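# Sequence plus predicted model, see below.
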Amino acid sequence: MIQNFITVLFGDQFAVMNTIGLIAFALVGSAKAIREEFDLFGITVVGLIMAFAGGTTRDLLVSRVPLALQSSIEISLGLLGVGLAIALSAVLTSPDSHPITLVSDAIGLAAFATTGAIVATETNVSAFGVVAIATINAVGGGAVADILLDRSPFILFDDFYASCAVLGGSAYWAVITVGAAGSTAAVACAVVTVGTRLAAVTYGWNLPTIQGLGLINS
Amino acid sequence: MIQNFITVLFGDQFAVMNTIGLIAFALVGSAKAIREEFDLFGITVVGLIMAFAGGTTRDLLVSRVPLALQSSIEISLGLLGVGLAIALSAVLTSPDSHPITLVSDAIGLAAFATTGAIVATETNVSAFGVVAIATINAVGGGAVADILLDRSPFILFDDFYASCAVLGGSAYWAVITVGAAGSTAAVACAVVTVGTRLAAVTYGWNLPTIQGLGLINS
Amino acid sequence: MIQNFITVLFGDQFAVMNTIGLIAFALVGSAKAIREEFDLFGITVVGLIMAFAGGTTRDLLVSRVPLALQSSIEISLGLLGVGLAIALSAVLTSPDSHPITLVSDAIGLAAFATTGAIVATETNVSAFGVVAIATINAVGGGAVADILLDRSPFILFDDFYASCAVLGGSAYWAVITVGAAGSTAAVACAVVTVGTRLAAVTYGWNLPTIQGLGLINS
């Protein structure tokens, strides 16, 4: 019953998650570029790169021509996200730190961790491979966008961000391994990723440093 | 008649454009490294990376082993460009901002936008895929070179640079789509890219920012 | 006789060199991240990226799914290196500049130049392709780690580092070309790379700049 409901809701989990992720991450990338006063071309490029870099890296890792270059639907969804960011910037102050953008980022992270886990599982890689591809798919776009904006890709390190995708990818693998359907695993991955990310933002979660643990001799 | 002339002049458009692009971009990359006082090894590496990074990324995207690793001719052309930059540095002050280097950069941009469009068209990607691969082939080398020089890959954003490759790639796709020969499309792509780039440098073209358009609420 | 000894010692040269390289580079990457006061997740990520980025790039260039994503042994070796770095940081001051770390770095460089040359030779690329893939495999991890730490990937340029991998890869190709066994070539590559690197560190070797050669007109 629950299984049926999930299957109806997420018939083709990949398509659903991919659509959500592309729009959300293009919006976030463009909002960052608007804050940096990039021109319209730069705003579009950063938005599209944030939307497509993770999935393109995923596709390269599993040796296939990136989906983004084959399908015209993908680019349309990316441009929709760019347009939303421009529209938001007209009505909001600092759109890149607005809750809409922060939540979009968490949703994009969860959606892309899920698409990464789905593709990796189909490719027959190891358990580590599933978690690694889910994480790279989820954080790749933001990391490349940060490098293009000449910032350290801090999202990888400074707080509880990539860790959420690691947890989500691990949840996907665990659910598949106990024999459940891919649709259940997809929901588990998305819920774990977005849940831990929103909790981390809300409660200011951080992982300890070696220095903080008192382990280092200095 | 005109078609025949073009075919004779650009018999194998890919080989011609690739040769021009490799020499031109190796020269530009090495000139940048000379300005930064890199050692001879660094000058060679930055020159070769500027020459090869775009085409290698293109080849990875269409799932083939990069041409640069298979053919010894490619590396010889790259080293020729590096040698030209070293020779130029002996006779010119600030070779990296000399008109020879600026024009080489525009020519390399046009040549690589064209090789990217040719390869993409053979790979059966979408219209967006053709423009994206043309642009990545054209600007990839400069972007990676800038990251290695620890600078923001500003060429992607700061002025009318990548936009020229987007226009050139679009011209290629449009000419192919109306049914013309690949050689005509190659010439159209190269002319549009180098023409818009030289015009942008000469007249200081810029695209507007959201802030400049008065759209943003801040 | 010597050949037999080498074959016994390095039965499967790829597996031996790969194991050494993964542990050594994960240790070095994690030591860098500890110095920058990254959290435990960041330390693990930088260590694993330093261990895997070179080999993953190599595998992408020769169009195969990266080994690191297929085998669980690879990730275990990487995590072992991360653990060693954390253990070292508890007993040493500034573990990232300690001789143990500097020697680990030279050993990892040599091991990965060798694995790169082995894989490239099996892929039937040009002589330049063998040297290029050996060098990319050897320095790729350190370069990506430096970019993630928001530093210029100076190892590529500032001193005699990547040059050692170029010499090692060239030695591999030369030994194979004169008809010797792959195991001999592997030993030659590793010895040349680690020897030149340790000599460069000990004696402060540098390559000249154009400015230093008095060639430039400024």
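It's in.

# what angle do the helix or strand encompassing residue A:47 and helix C:40-61 make?
Residue A:47 belongs to helix A:40-61 when assigned by DSSP states H and E. Put simply, helix A:40-61 runs at 80 degrees to helix C:40-61, going by axes from the mean of the first three to the mean of the last three Cα atoms, to 10 degrees.

# Just confirm yes or no for helix A:40-61 near chain C.
Yes: against chain C, helix A:40-61 shows contacts by Cβ under 8 Å from any Cβ of the partner chain at A:60, A:61. Backbone N, C-alpha and C define where each C-beta goes, glycine included.

# same question for that helix, mean pLDDT?
Taken as a whole, helix A:40-61 has a mean pLDDT of 92.

# Stretch A:79-87 too?
pLDDT averaged over stretch A:79-87 gives 95.

# near chain C at all, the host helix or strand of residue A:192?
In this assignment (DSSP H and E), residue A:192 forms part of helix A:182-203. No: under the criterion of Cβ under 8 Å from any Cβ, helix A:182-203 makes no contact with chain C; the nearest approach is 11.7 Å.

# Tell me the buried residues in that helix?
A:182-190, A:192-194, A:196-198, A:200-201 (16 or more other Cβ atoms under 10 Å in any protein chain shown).

# Check what pLDDT residue A:67 gets.
pLDDT, read off for residue A:67, is 88.

# sorry, back to before: next structured bit after the helix holding residue A:47?
helix A:67-70.

# check whether that next one contacts chain B.
Yes: counting by Cβ under 8 Å from any Cβ, contacts between helix A:67-70 and chain B involve A:68, A:69, A:70.

# Which one (most neighbours) among those?
residue A:68 (27 neighbours; other Cβ atoms under 10 Å in any protein chain shown).

# Contacts only, for it.
Residues near residue A:68 by Cβ atoms under 8 Å, 6 or more residues apart in numbering or on different chains: A:52, A:55, A:56, A:74, A:75, A:78, B:128, B:129, B:132.

# Relative to residue B:45, which of these is nearest.
Minimum distance to residue B:45 across the contacts of residue A:68 is 25.3 Å, recorded for residue A:56 (Cβ to Cβ).

# Tell me how many other residues surround the closest one.
Residue A:56: 23 neighbours (other Cβ under 10 Å).

# Got the phi and psi for the nearest residue to it once chain neighbours are set aside?
In space, and not counting its chain neighbours, residue A:56 is closest to residue A:66: 4.3 Å by Cβ to Cβ, 6 or more residues apart in numbering or on different chains. Phi and psi for residue A:66, reported as degrees, to the nearest 10, are phi -50, psi 130.

# wait, residue A:66 sits on residue A:55?
Yes: when contacts are counted by Cβ atoms under 8 Å, residue A:66 is listed as touching residue A:55 (6.9 Å).

# Could you grab the helix/strand/coil label for residue A:150?
coil (DSSP: H, G, I helix; E, B strand; the rest coil).

# count of residues packed around residue A:95?
27.

# so it sits right up against residue A:89, yeah?
Yes: counting by Cβ under 8 Å, residue A:95 does reach residue A:89; the two are 4.9 Å apart.
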